[in-house]
Each structure stands twice: as C-alpha cells, then as structure tokens.
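>>> give me the fold of what follows.
(one chain, ligands or ions: 1)
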Amino acid sequence: MEQPLLSVENLGKSFKDKQVVKDVSFGVKRGKITAILGPNGAGKSTTIRSVMGIMRPDKGMVQYQNYPKQGVPHQVVGYLPEERGLYKNVKIMDIILYFADLKDYPTKKARSRALEYLKKFGLEGKDKVKVEELSKGMAQKTQFIASIIHEPELLILDEPFSGLDPVSQDVFKQEIRELAKNGTAILLSSHQMNLIEELADDLLLIHNGKTVIQGSMEEVKEQYSNYKCVIIGDNAASIFTNVPSVQNVKQDGKKTVLYLERGIHIPTWLSHMPKEVIIQEMTIDRISLHEIFVGIATEQNLMQTVGEVHA
Ligand SMILES: Nc1ncnc2c1ncn2[C@@H]1O[C@H](COP(=O)(O)OP(=O)(O)OP(=O)(O)O)[C@@H](O)[C@H]1O
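This next block holds a predicted model:
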C-alpha cells in the first residue's frame with residue numbers, strides 16, 4: 001500500500017488544563033484529497049496548526065515522508081489558514097511573489113504562474129490592484145493563489161470555501177481537484193458536507209479531540225451509510241413495528257424515515273412492507289455524510305444503531 005506523504009500519529013494538544021486534541025491519527029496521500037471534519041471546537045484547526053508547526057503539540061508525531069525531522073518541510077507545503085489576512089497596502093502580484101520568495105521559488109516562474117491563476121480565477125488585469133481594494137472573495141482567491149504558487153507537494157486548506165459565492169466555490173473545487181489530479185496531497189477542513197461528499201477521497205471525522213471515523217469515502221459510506229427509506233403518507237409509526245431490519249423510525253408529520261440495518265437486500269425488504277401503508281412518495285437512499293456528521297456531533301443514538309463509532 002502507498003505510504004502517506006504526511007503521517008500524523010496520536011497527536012495531542014492542551015491549552016492550560018483543557019485537552020483540546022486528545023488522540024488524532026491520520027495520513028494524507030499524494031494525489032488524494034483528505035477531508036478533516038468535525039463540529040465547531042472539535043480541534044480541526046488545532047490539529048492543522050500542529051501539523052504546520054505553528055503550535056507545538058504536547059504529544060504525538062508529525063512525519064513527512066523521507067524528511068529526517070519531525071514536522072513538515074516549509075518549502076514544499078502550501079497553507080491557507082482559517083484566519084484570512086494579507087497585507088492591505090500591497091499589490092496582488094507583489095504579495096503572491098512575496099509568498100513565492102518565502103518558499104524559495106523562482107520569481108520569474110512565480111510571476112507567470114500568478115498571471116495564469118489570476119486569469120483562471122477571474123482576476124485578470126488586477127495584478128497591480130492593492131489588497132485593500134478587493135472584495136472578501138477576491139482576497140480569498142489571492143490568498144489561495146499565494147498558497148499554491150510554489151507548486152507545493154502538500155496543500156493544507158483550512159475552511160477554503162467559507163465566504164465564497166457558489167460560482168467561486170465551483171472555481172475552487174475545480175482547482176483543488178486539478179491539483180490532486182496532478183499529484184498534490186491535499187488536506188482540507190470544511191463544514192460544507194455536500195462539497196466534501198463531492199471532493200474528498202479520504203475522510204477523518206474528529207469529535208471532542210478524537211478520531212471517530214476514518215477511511216476512504218467508499219469505506220465510510222459502506223460502513224456508516226446504511227440505507228434509509230423515506231415514506232411520505234399519513235402513517236402511524238406503529239405500522240412499521242413489525243417490518244424487519246428497521247433500526248430506527250423517525251417521524252415528522254407525514255414524513256417517516258426508516259433507518260435500515262446494514263447489508264440488507266432491498267427488493268426482499270420491500271416485500272415486507274405492510275399492505276396498509278399509505279405511500280404518496282417513497283425513496284430509498286444511503287444516509288448522507290451530513291446525517292452521519294449530525295448523528296455524531298449531536299451524540300444522538302442514530303450512529304450507534306446505524307454504524308459503529310470508534311470512540
Ligand atoms: N490558542 C488557544 N488558546 C486556548 N484555547 C484554544 C486556542 N486555540 C483553540 N482553542 C480551543 O480549542 C478548541 C478547539 O479549537 P479549534 O479551533 O481547533 O476547533 P475547530 O474544530 O477548528 O473549530 P471550528 O469548526 O469552530 O473552526 C476550542 O475549544 C478552542 O476554544
């Protein structure tokens with residue numbers, strides 16, 4: 001199996017007496033997008049900052065492939081921090097070239113790449129505009145370009161989509177995909193489950209500073225995303241009591257959601273539906289990443305019944 005470019009093992013970090021990151025382990029592979037998910041305050045940014053060496057973890061290991069020291073070598077890593085901020089009184093091109101210089105990347109190459117990216121991101125001709133004159137989204141695009149200008153092997157994006165309009169989100173999404181296709185290892189955090197579902201190859205879900213779910217998108221879906229059957233119709237919940245393989249029934253007005261056991265054969269299961277059930281609409285689908293996430297974040301029973309949680 002391919003060795004991850006970045007390996008993080010048993011990371012722990014406390015602030016005063018509060019242990020924020022307790023035990024987080026994961027790997028980020030070349031050419032793959034790994035999403036780090038978790039509720040507000042779960043410890044995502046603290047994990048990312050510990051990887052970047054901005055914070056010193058109390059325990060654990062951050063290992064970059066073939067790098068003899070702990071941590072990540074700064075020249076080959078790109079980072080878009082959660083807290084955005086560029087020098088206001090500086091022209092876009094100058095700021096991008098400044099970041100390239102920090103990474104020892106040749107200026108000429110950086111300039112030509114910057115012009116290409118500005119065009120790609122709809123900022124053509126704005127290279128001499130000062131940061132203070134940019135909208136929030138434009139500034140974010142500039143910061144994104146600054147984080148990738150030096151062709152990093154590993155790219156860490158903390159909430160890259162926050163504050164972007166849907167068109168700009170699509171531009172970012174496409175670019176992130178393109179970078180991964182060209183071999184960049186990408187670690188990103190986001191609260192937008194739909195984007196994660198579309199983008200991520202691997203997932204890491206942390207809660208209360210611990211890894212609770214980890215694996216490839218397919219593995220996580222296979223393991224946690226059982227089927228659910230949604231029925232719209234005026235039905236009493238009791239009507240479903242004797243339907244086999246139903247783990248959980250949730251009702252909201254005319255909508256009934258039946259959460260089903262793992263590994264069932266849907267056509268056979270359907271044949272057990274009571275004849276008196278009123279069906280105006282019915283769908284059978286996998287539970288979404290959003291539902292898995294909410295189940296964990298709210299510590300509802302849904303997850304315990306739907307899949308195992310590694311606590
Ligand atoms: N420098 C700090 N000093 C003290 N506490 C901190 C510091 N940085 C983070 N924390 C605390 O650590 C916890 C985790 O914060 P962190 O920013 O890592 O969470 P997160 O998962 O990124 O959250 P969000 O989704 O809200 O960005 C929070 O309770 C936060 O208040």
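>>> what ranges do the strands span in the stretch 51-200 of the chain?
59-64, 77-80, 154-158, 185-189 (DSSP state E, counting those that start in this stretch).
>>> out of those, which comes closest to the ligand?
Taking C-beta to the nearest ligand atom as the measure, these were each checked against the ligand, and strand 185-189 came out nearest at 6.7 Å. Every C-beta, even on glycine, is put in place using the N, C-alpha and C of the backbone.
>>> now that closest one and strand 154-158, what's the angle there?
Comparing the axes of strand 185-189 and strand 154-158 via axes from the mean of the first three to the mean of the last three C-alpha atoms, to 10 degrees yields an angle of 10 degrees.
>>> for strand 185-189, which helices and strands make contact with it?
The helices and strands touching strand 185-189, judged by 3 or more C-beta pairs under 8 Å, 6 or more residues apart in numbering; DSSP states H and E, are strand 18-28, strand 33-37, helix 44-52, strand 154-158, helix 166-181.
>>> let me know the average pLDDT across the third one.
Confidence for helix 44-52, expressed as mean pLDDT, is 92.
>>> could I get that helix in CSV with only the CA atoms?
The C-alpha trace of helix 44-52 is given here as CSV (Å, rounded to 0.1, in the frame of the first residue of the first chain):
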residue,chain,number,x,y,z
LYS,A,44,-9.6,20.7,13.5
SER,A,45,-7.7,23.9,13.3
THR,A,46,-5.5,23.0,16.3
THR,A,47,-4.6,19.7,14.5
ILE,A,48,-3.8,21.6,11.3
ARG,A,49,-1.7,24.3,13.2
SER,A,50,0.1,21.5,15.0
VAL,A,51,0.9,19.8,11.6
MET,A,52,2.1,23.2,10.3
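>>> is any part of it close to the ligand?
Yes - for helix 44-52 and the ligand, the contact criterion (C-beta under 6 Å from any ligand atom) is met by 44-46.
>>> can you say which of the residues you listed are buried?
Neighbour counting by 16 or more other C-beta atoms under 10 Å classes 44-46 among the residues of helix 44-52 next to the ligand as buried.
>>> now those as TSV including distance to residue 153?
Formatted as TSV, the entries for those read as follows, by distance: C-beta to C-beta, whole Å:
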residue	distance to residue 153
44	22
45	22
46	23
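>>> my read: residue 284 touches residue 231, true?
No - using C-beta atoms under 8 Å, residue 284 and residue 231 do not qualify as a contacting pair, with a distance of 9.8 Å.
>>> can you give me the strands for the stretch 201-311 of the chain?
In order along the chain, the stretch 201-311 of the chain carries the following strands (DSSP E, counting those that start in this stretch): 202-207, 210-216, 227-232, 246-252, 255-260, 281-286.
>>> buried ones in the second one?
Counting neighbours by 16+ other C-beta under 10 Å, one finds that the buried residues in strand 210-216 are 210-214.
>>> try stretch 171-190
Within stretch 171-190, the residues that count as buried by 16+ other C-beta under 10 Å are 171-173, 175-176, 179-180, 184-190.
>>> who in the protein is up against the ligand?
Applying C-beta under 6 Å from any ligand atom, we find that the chain lies next to the ligand at 15, 20, 38, 40-46.
>>> among the residues you listed, which two are most distant?
Taking C-beta to C-beta as the measure, the residues of the chain next to the ligand span a maximum distance of 16.9 Å, between 15 and 38.
>>> more neighbours: which of those two?
When residue 15 and residue 38 are compared for neighbours, residue 38 comes out ahead with 26 against 10, by other C-beta atoms under 10 Å.
>>> quick one: contacts for that one?
For residue 38, the residues meeting the contact criterion (C-beta atoms under 8 Å, 6 or more residues apart in numbering) are 44, 205-207, 297.
>>> what's the answer for residue 281, then?
Taking C-beta under 8 Å, 6+ apart, we find residue 281 in contact with 230-233.
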